[in-house]
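Asker: Sequence first, then the predicted structure:
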Amino acid sequence: MTSINLISNCTMKPSSRILGLGRKNSSFFSRCYQSFTMSTSFCNNRLVLNLDHKTKQYPSRIFEFKRVMNGFQQVLRLPSWNLGHSRTFLNLKATKTECVSSIGGVSFKAREFSNSVETKRGLRVGKDDNKGGGDEEDLKEKNSKNGSVAKKKFDDEETEVEKEAWKLLQKALVTYCDTPVGTVAANDDSGSPLNYDQVFIRDFIPSALAFLLKGEHEIVKNFLLHTLQLQSWEKTVDCYSPGQGLMPASFKVKTMEFDDKKTGEVLDPDFGESAIGRVAPVDSGLWWIILLRAYGKLTGDYTLQEKLEVQTGLQMIINLCLSDGFDMFPSLLVTDGSCMIDRRMGIHGHPLEIQALFYSALRSAREMVVLNDESKNLVGEINNRLSALSFHIREYYWLDMRKVNEIYRYKTEEYSLDATNKFNIYPEQIPMWLMDWIPEEGGYLIGNLQPAHMDFRFFMLGNLWSIVSSLGTPKQNKSVLNLIESKWDDLVGDMPLKICYPALEAEEWRLITGSDPKNTPWSYHNGGSWPTLLWQFTLACIKMGRTNLAEKAVDLAEKRLPIDSWPEYYDTKTGRFIGKQARLFQTWTLAGFLASKMLLKNPEIATLLCWDEDLDILETCVCTLNKSGRTKCSRDVAKSHILV
């Protein structure tokens, strides 16, 4: 007999599609999420579901969990639903004091997770392995040391603006089962909340960093674990459903009344079914992995990332990103609206922002994946993808004065393996603004690359994260900051920082955005200024030894943000006006400011969050020379002028 635990206190009506992970003031529930076509029996607050595999009397959609279970089976090599013993019991149990849930035999608790990683197939047992942080006393000592280092300077000489920002950040906290699990997107009471009252994964990253630097670790740990529970929950938009490993864009804590007239809290994840355009978030899982690494680096608690459930979720995200498709590029193929720019802005294909986050997530995962017989193939795939991706971005996305002139003289229609113009880019695509705009000493990574198309726009987040993750070479990283300094009025102006430059205008705006009334020229995603980008700019500047640029940008923000009530974004070419539809008291605006201030006060901590150049990646070549018939690897040619 095999016992498999599923989401335990799923206090929902049969038609509901909301993930219930706990409830208050109730001993148990009368109905669960989906009606069952099997025998059930209640006894002592326990529901036992008997599935007889011999008679095939089991449902095809058990608790809407088939997709989730299959994902765990693939990663952990667990038995499938139609194999194994003749009977399977699904045990569901709830208590008043804990919010407990489990998937595939992996126990989840809101306040306390398992202390070890145990499996029959060779995953390490965390209790006996001191590499991940040692016993509880050693871990407490290590966390105390890390926390004291962080707080040593941060608690000294806080300005009034910082104190106000901290109060607002505390006000934005969201609790679930009496524990903080995230922060709302905005606390603006002046209009309809829309989805700004939800906890977004990407929005919470600067808040998480601020809390970690302040020494408040518990909320970040809770966030990581609760979002992990929501991974790949079976929700549909018409005929669409999320892929295995997908993280939700956001979630909301809801209070619901159940059949017994009692109320309880549930988590309602959004996988894009409520988003503009109904687009699934590609970046949520990447940010989750990056935050998991940052949590370990800043707290010294590596036991969290070694837990079986965390390892499973981590590998599910990576498997989803590395899955085979029709696309043969090493970059990640995505659609419009799947990242921070969550509306139609012509970034479908291989946008730089996603490639930089993808590269960072792969490097993070390679550090955190527990090595064993089950994961060694995955690590090999990660190494191959890192090698190919770094070469691809450095070689084909880089743009400076020399490269512009090379494109200007391109020949087209080249059908050969040795072609110079590999993507059939027509020189007429070079925009007039670029020829006079790009400086002699500076360059950047373009926004997108596809057959016969180069997006020459400058996208801030992708370029900054390329510096932080060392996706660009040291020379390229230096050139990006040179460009920002040279074009300070265009990219920073009165409020840092431009999300992209230049804005789409006139007929180009109409065709590419679909006449989007929110993304009008120099507003919102279309050339607007986003203060939340400050913390990433600060990280990049500290890494490259250019803290003066970060200090200059933070000073600009500190003078205006509290006066303007911490808006989401700014409009116009120089960022002089508060965005026409910007929410006030935007959480990631004030959190990004706080994180930037703390990093500048203690810049050595920034090194824990960045990646250095990886020589192993540069030396690995994934070209299959025998199959292609080439006599010389293009990587060797690229090294001569890119590798610094």
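Answerer: Alright, I've got the coordinates.
Asker: in the stretch 251-400 of the chain, which spans are helices?
Answerer: 283-299, 303-306, 308-322, 352-368, 376-392 (DSSP state H, counting those that start in this stretch).
Asker: okay, the fourth one in CSV with CA atoms only?
Answerer: It stands for helix 352-368. Extracted as CSV, the C-alpha positions of helix 352-368 are listed here (Å, rounded to 0.1, in the frame of the first residue of the first chain):
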residue,chain,number,x,y,z
LEU,A,352,17.3,40.8,-24.1
GLU,A,353,15.5,41.1,-20.8
ILE,A,354,14.4,37.5,-20.8
GLN,A,355,17.8,36.2,-22.1
ALA,A,356,19.7,38.1,-19.3
LEU,A,357,17.3,36.7,-16.6
PHE,A,358,17.5,33.3,-18.2
TYR,A,359,21.3,33.3,-18.1
SER,A,360,21.2,34.5,-14.5
ALA,A,361,18.7,31.8,-13.5
LEU,A,362,20.8,29.1,-15.2
ARG,A,363,24.0,30.2,-13.4
SER,A,364,22.0,30.3,-10.1
ALA,A,365,20.5,26.9,-10.6
ARG,A,366,24.0,25.4,-11.4
GLU,A,367,25.2,26.6,-8.0
MET,A,368,22.2,25.3,-6.1
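Asker: Give me the neighbour count for Leu417.
Answerer: 11 (other Cβ atoms under 10 Å). C-betas here are computed from N, CA, C, even on glycine.
Asker: Confirm that it sits in a strand.
Answerer: No: according to DSSP: H, G, I helix; E, B strand; the rest coil, Leu417 belongs to no strand; its state is coil.
Asker: Can I get the helices of the stretch 251-400 of the chain in a markdown table including distance to Met598 and mean pLDDT?
Answerer: As requested, the helices of the stretch 251-400 of the chain are exported to a markdown table (distance: least, Cβ to Cβ, whole Å; pLDDT from 0 to 100):
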| stretch | distance to Met598 | mean pLDDT |
| --- | --- | --- |
| helix 283-299 | 11 | 97 |
| helix 303-306 | 22 | 96 |
| helix 308-322 | 26 | 94 |
| helix 352-368 | 21 | 98 |
| helix 376-392 | 30 | 94 |
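Asker: okay, the ones you listed in CSV with mean neighbour count and distance to Ile512 next?
Answerer: Shown next, in CSV, are the helices of the stretch 251-400 of the chain (neighbours: other Cβ atoms under 10 Å; distance: least, Cβ to Cβ, whole Å):
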stretch, mean neighbour count, distance to Ile512
helix 283-299, 23, 21
helix 303-306, 23, 40
helix 308-322, 23, 27
helix 352-368, 24, 17
helix 376-392, 18, 24
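Asker: which residues in the stretch 451-600 of the chain form helices?
Answerer: 460-469, 474-486, 488-491, 506-513, 534-543, 547-560, 587-601.
Asker: between those, which gets nearest to Thr520?
Answerer: Thr520 lies closest, by Cβ to Cβ, to one member of the helices of the stretch 451-600 of the chain: helix 506-513, at 7.3 Å.
Asker: which parts of the closest one are buried?
Answerer: For helix 506-513, burial by neighbour count (16 or more other Cβ atoms under 10 Å) applies to 509, 512-513.
Asker: got those as a markdown table, with distance to Gln536 columns?
Answerer: Formatted as a markdown table, those follow (distance: Cβ to Cβ, whole Å):
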| residue | distance to Gln536 |
| --- | --- |
| Trp509 | 27 |
| Ile512 | 25 |
| Thr513 | 25 |
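Asker: Arg278: which of those is nearest?
Answerer: Thr513 (17.3 Å).
Asker: my guess is the closest one meets Gly337, correct?
Answerer: No: in this structure Thr513 lies outside contact range of Gly337 using Cβ atoms under 8 Å: 11.2 Å.
Asker: Common neighbours of these two, please.
Answerer: Taking Cβ atoms under 8 Å, 6 or more residues apart in numbering as the contact rule, Thr513 and Gly337 both touch 343-344.
Asker: Do you know the pLDDT at His226?
Answerer: pLDDT recorded at His226 is 95.
Asker: meant to ask about Val100
Answerer: 37.
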